[in-house]
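J.: Coordinates for the following, if possible.
(one chain, ligands or ions: 1)
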Amino acid sequence: MADGGIVDVVDLGCGAGVLTMATHHHLLSRGLTPRTVGVDLKSDLLDRLNASAGRLAERDPGWEELRFDAGSIADWQPQSGSEPDVVIALHACDTATDDALAAAIDWESRVILAAPCCQHDLQAQLDRHAIPPGFESLMKHGIVRERLGDLLTDTVRADLLASRGYRTDVIEFVAGEHTAKNLMIRATAEGSPDLAAASRVDDLVSRWGVRPALLDRLGARPS
Ligand SMILES: C[S@@+](CC[C@H](N)C(=O)[O-])C[C@H]1O[C@@H](n2cnc3c(N)ncnc32)[C@H](O)[C@@H]1O
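T.: This next block holds a predicted model:
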């Protein structure tokens, strides 16, 4: 957090901006000075959200620092000096979550909250590659295979964050009756690089013969 209680927040894959606005409101109500940006591919939607943000800014102080930028997560860059302290990605589709995590690591963001969604990338790779001996039964049922892809994807994501010095938890952020996609990767930049996590990633990707998108985003090696 910068001096004066300024908190730079970005919500990557913000969709209708509900969480973006709620986060901005929450930080304002805590007496902080949020500078919040929502990013999404849907430019028409974001035009409407910017109009709403403008109306809020006319009415209440603090809302002039909320805006929505149209574009892809991979291409979005903060203004120099406004690198996000907090990165949120709620159900950003498939590897868009990896784009968000890689960007957050690059910006050295202090808090990362990502709820992944539709992990198709590794699921497709699992279908193509040889399964490690002894694990064949995990591939027998479609739903189990799908969830295996989810779990491998998010395990690698969590360990890659840990390998980059983030204290990382994987939690359920809401009860399962609201959404089956209720897993959240929560990471705070308060650790030192976890070398064991890096070698766990090495081990997992070589055993399963997969190449998780986040590994590619971060470069060849996980440490
Ligand atoms: C399932 S919606 C979630 C929206 C919002 N975060 C929420 O939870 O209500 C996923 C959003 O991510 C956006 N998205 C997907 N890939 C993206 C990318 N590469 N760059 C920017 N936005 C992306 C989609 O346009 C969509 O609005």
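J.: Mind giving me the packing neighbours of the host helix or strand of Ala187?
T.: Per DSSP states H and E: Ala187 is located in strand 183-188. Other elements packing on strand 183-188 under the criterion 3 or more Cβ pairs under 8 Å, 6 or more residues apart in numbering; DSSP states H and E are strand 111-117, helix 142-163, strand 167-172. All C-beta atoms are positioned from the backbone trio N, CA, C, and that covers glycine.
J.: Any idea how many residues pack against the residue in the chain that the ligand sits nearest to?
T.: When scored by Cβ to the nearest ligand atom, the chain has Gly15 as its residue closest to the ligand, at 2.5 Å. Gly15: 18 surrounding residues under other Cβ atoms under 10 Å.
J.: picking that back up, could I get the helices and strands packed on strand 183-188 as TSV with mean pLDDT?
T.: Listed next are these as TSV, based on pLDDT from 0 to 100:
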stretch	mean pLDDT
strand 111-117	95
helix 142-163	93
strand 167-172	95
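J.: so which of those is the most packed in?
T.: Compared across the helices and strands packed on strand 183-188, strand 111-117 shows the largest average neighbour count, a mean of 22 (mean count of other Cβ atoms under 10 Å).
J.: Distance from the helix or strand of the chain at the bottom of the mean pLDDT ranking to the middle of the chain?
T.: Least confident helix or strand, the chain: helix 120-128 with a mean of 83, by mean pLDDT, DSSP states H and E. How far helix 120-128 lies from its chain's middle: 20 Å, per Cα atoms, centre = their mean, to the nearest Å.
J.: Quick one: name the residues of this protein near the ligand.
T.: Neighbours of the ligand within the chain, by Cβ under 6 Å from any ligand atom: 13-16, 18-19, 39-42, 72-73, 90-93, 96, 99, 117.
J.: Okay then, goodbye and thanks.
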